[in-house]
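> fold the stuff below for me.
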Amino acid sequence: SAIDFLQAGTGAVARTAQSKMRDVVSVKDFGALGDDSNDDAAEIQAAIDAAAVSGGEVVFPAGTYRFGTPLEFKNNVTYSGVGRGATVLKYTGVLDAVYIDNPSNASTRADIVVQDMTFTVLARTAGKCCFADNGSTYLVFKNVAFSGQDIGLILDQSELCDIQFCDFELPSNGSIGLWIINGATRTVGNSEYYTNRIGVYNCQFNGSLAVGIGIVDDGGTAHVISGNNFNGCLQQIRLSGCRDVTINGQNEFEGANLAIKLSDTKLSGAANYVNSLVNIEGNFFNITDVTGTFRYLTFEKTNVVPVDTLHFNANSFYMPAGQATFTNATSGYVTTWHGKGNVQSYLLGDTDDLTLGNNEGCASVSYTPSWLAASVSPVLGNGTISGQYIRNGNQVTCSVALTAGASTTFGTGVYYFGLPSGLDNLSSLNGVLGSGFTNAGGAVYTTLVASKASATLIQMYSGTAAANPVSPTIPGTFASGQFYEMTWTYLTTTSLVV
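Residues are numbered from 1 along each chain as shown. Here you go, the predicted structure:
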């Protein structure tokens, strides 16, 4: 064409309209119709191949583009629709719908952006996906929807990949939104450095209560999952063999059977993969519509301890009263565990109870210990008793202070004091260790905690003599104004609530 185009602004130079129009490639330039009827596979692939020669942008105008042959997206190209729902790529075959094929574990710089479109299928095929990448570095998905297929998106040995503002719809049981694979051609890799620096930000994962897994992360290094909403799903995040994974930034977990599972077993069944460092911080678990038990975090161990180091900090929980947080305590599943600043509240009918719940592994938590005796239990009256405890995994350190008042009655028989959680079954005579002191009888006596009275009660002994259990008259006659102060450490089997 002889028609010239001149951009506004000083220094702009004239060029032909044809040159200007070739800044981007439209799939309709190559004959794609986008009418939800014609098979546009050949036309779309021709447009992609043309843009990939020197790099550029392939545009998909509004429409539904059917294709029966898988499409290969190529490097150095931006793939742009005009919005989710407006631009739809609908695959009618039985393989992976769209794929990128770079060499495995070669850190190939792909420089691919996929944005503003929906990938879907005519019918679900087990084990197949809407979009699969192999071996790409510098890959971005922005404002993209993946729906209808068994797996939404697969990243296999991808690096420096960002997924932003995307939707993952899980259609049925066994389906997966995002599957991160640490090994060549979707096999399990032994190296932790294959699939690295993956970021998932501000995305939506939707499935019914018993359907699918939002994110399966089967290994790699330095992955970040931040600011996402997980709604429904059988499991929302599943990690195995990962190193330095961060789940933070107010991810919201709601309406699922299980929010996060940390496992030593890959989705394929291969075992012995340890998660080296997992940071779960600043998230919101909002479960108000679940019937039965919901778990925020659980561990799966086939052969080895599934987590080396776990940081579980500053998370908040909103849930029906009585819901448990863990299916198992951290003992045997986590080598090193750190937690602080977690806040729990309950939904009681239609009334919010925003009192602070158990906040384990952090600042001490207050509780009111029971004070009993073997024959006739004492009555505190206007005396005082208070307790504080700190929990790290299934290890509890607890302190109790008791002061008798003028109206306190002292009962008869050996004294027992209540624990904030039950003792481990292995805690026998030496299962509770601690010390304390009292001024009962007007003199100061040291005491030693030496045994449990039941699963939730301990008893103390004066000095080191097992024949001298603490009672109203041992080590001295307990009276108004006198005190007991005790500290002990023990193991608990009670499920960890954080």
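
> buried ones in the lengthiest strand in the chain, by neighbour count?
Ranked by number of residues, the top strand in the chain under DSSP state E is strand 108-121. The neighbour-count check on strand 108-121 (16 or more other CB atoms under 10 Å) flags 108, 110, 112-121 as buried. All C-beta atoms are positioned from the backbone trio N, CA, C, and that covers glycine.

> any buried residues in stretch 78-93, and which?
In stretch 78-93, counting by 16+ other CB under 10 Å, buried: 78-81, 84, 87-91, 93.

> for that stretch, output the C-alpha coordinates as CSV.
Extracted C-alpha coordinates of stretch 78-93, given in CSV (Å, rounded to 0.1, in the frame of the first residue of the first chain):
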residue,chain,number,x,y,z
THR,A,78,3.4,-12.3,23.3
TYR,A,79,0.0,-14.0,22.9
SER,A,80,-2.8,-11.5,23.6
GLY,A,81,-6.6,-11.9,23.7
VAL,A,82,-9.0,-9.2,24.6
GLY,A,83,-10.2,-10.6,27.9
ARG,A,84,-11.2,-13.8,29.6
GLY,A,85,-14.5,-14.9,28.2
ALA,A,86,-14.1,-12.6,25.2
THR,A,87,-11.2,-14.6,23.7
VAL,A,88,-11.7,-18.3,24.1
LEU,A,89,-9.4,-21.1,22.7
LYS,A,90,-11.4,-24.3,22.8
TYR,A,91,-9.6,-27.6,22.1
THR,A,92,-11.6,-30.5,20.6
GLY,A,93,-9.0,-33.2,20.7
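
> going forward, the N-terminal residue is numbered 6.
Taking 6 as the first residue, the last one we looked at is stretch 83-98.

> so how far is that stretch from its chain's centroid?
30 Å (CA atoms, centre = their mean, to the nearest Å).

> before we move on, the earlier item: right, and the helix or strand after the longest strand of the chain?
strand 134-139 (DSSP states H and E).

> who does that next one pair up with?
strand 103-106 (parallel), strand 156-161 (parallel) (DSSP bridges).

> ok, which of those comes nearest Thr451?
Ranking the strands paired with strand 134-139 by proximity to Thr451 (CB to CB) places strand 156-161 first, at 61.3 Å.

> what about the residue lying closest to Gln120 once chain neighbours are set aside, distance to Thr123?
Once flanking residues are discounted, Gln120 sits nearest to Lys147: 4.3 Å by CB to CB, 6 or more residues apart in numbering. Computed as CB to CB, to the nearest Å, the Lys147 to Thr123 distance reads 13 Å.

> how much space separates Leu302 from Pro311?
Noted for Leu302: a distance of 12 Å to Pro311, by CB to CB.

> quick one, which of these two is more surrounded?
Pro311 (28 against 23; other CB atoms under 10 Å).

> where's the residue nearest to the more buried one when sequence neighbours are not counted relative to Thr402, distance?
Residue nearest to Pro311 in three dimensions, not counting chain neighbours: Asp269, with 4.0 Å by CB to CB, 6+ apart. Counting by CB to CB, the separation of Asp269 from Thr402 is 29 Å.

> which of the two has more neighbours?
Asp269 (22 against 15).

> hmm, that one is touching Ala276, no?
Yes - at 5.8 Å, Asp269 and Ala276 qualify as touching, with contact defined as CB atoms under 8 Å.

> which residues are common contacts for those two?
Jointly contacting Asp269 and Ala276 under the rule CB atoms under 8 Å, 6 or more residues apart in numbering are 307-309.

> that older thread, Ser42: which of the buried residues of stretch 83-98 is nearest?
Nearest member of the buried residues of stretch 83-98 to Ser42, counting by CB to CB, is Lys95, at 10.5 Å.

> ramachandran angles for the closest residue to Ser380 other than its chain neighbours?
Excluding its sequence neighbours, the residue lying closest to Ser380 (CB to CB, 6+ apart) is Gly418, at 3.5 Å. Main-chain torsions, Gly418, degrees, to the nearest 10: phi 100, psi 180.

> dump the residue contacts of Gly418.
378-381, 476.

> out of those, which are buried?
For the contacts of Gly418, buried by 16+ other CB under 10 Å: 378, 476.

> sort out for me which of the contacts of Gly418 are in strands.
For the contacts of Gly418, membership in strands holds for Ala378, with DSSP E as the criterion.

> would you list the contacts of Gly418 in a markdown table and tack on pLDDT and distance to Glu490?
Compiled in a markdown table, the contacts of Gly418 are given as follows (pLDDT from 0 to 100; distance: CB to CB, whole Å):
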| residue | pLDDT | distance to Glu490 |
| --- | --- | --- |
| Ala378 | 93 | 19 |
| Ala379 | 92 | 22 |
| Ser380 | 94 | 24 |
| Val381 | 95 | 24 |
| Ser476 | 91 | 17 |
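
> make CSV from the contacts of Gly418 and add distance to Gly441 to it.
Shown next, in CSV, are these (distance: CB to CB, whole Å):
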residue, distance to Gly441
Ala378, 17
Ala379, 19
Ser380, 22
Val381, 23
Ser476, 14
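
> ok so, going back, need the strands paired with strand 134-139 in CSV (columns: mean neighbour count, mean pLDDT and distance to Ala409).
Listed next are these as CSV, based on neighbours: other CB atoms under 10 Å; pLDDT from 0 to 100; distance: least, CB to CB, whole Å:
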stretch, mean neighbour count, mean pLDDT, distance to Ala409
strand 103-106, 18, 96, 75
strand 156-161, 27, 95, 65
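
> so for Ala57, which of those strands sits nearest?
Among these, the nearest to Ala57 by CB to CB is strand 103-106 (11.3 Å).

> any chance you could map the helices in this structure?
22-26, 46-57 (DSSP state H).

> buried set for the longest one?
The reference is to helix 46-57. So helix 46-57, judged by 16+ other CB under 10 Å, has buried residues 46, 48-53, 55-57.

> now it: how far from the chain's centre is it?
Per CA atoms, centre = their mean, the centroid offset for helix 46-57 relative to its chain is 39 Å.

> which helices and strands does it pack with?
Helix 46-57 is packed against strand 30-31, strand 61-64, strand 68-72, strand 76-77, strand 82-85, with contacts defined by 3 or more CB pairs under 8 Å, 6 or more residues apart in numbering; DSSP states H and E.

> who does Asp40 bridge with?
Residues in beta-bridge contact with Asp40 (DSSP bridges): Thr69.

> same check, this time on Val145
Taking DSSP bridges as the rule, Val145 bridges to Val118, Asp167.

> do you know how far it is from Pro108?
20 Å.

> low-confidence stretches in the stretch 6-155 of the chain?
6-7, 22, 24-27 (pLDDT under 70).

> out of the shared contacts of Asp269 and Ala276, give me the one that has the most neighbours.
The shared contacts of Asp269 and Ala276, ranked by neighbours (other CB under 10 Å): first place Thr307, 14 neighbours.

> what's the burial count for Gly16?
Residues lying near Gly16 (other CB under 10 Å) number 5.

> look up how far Gln23 lies from it.
Separation of Gly16 from Gln23 (CB to CB) stands at 22 Å.

> could I get the buried residue list for stretch 229-237?
Result for stretch 229-237 [16+ other CB under 10 Å]: buried residues 229-237.
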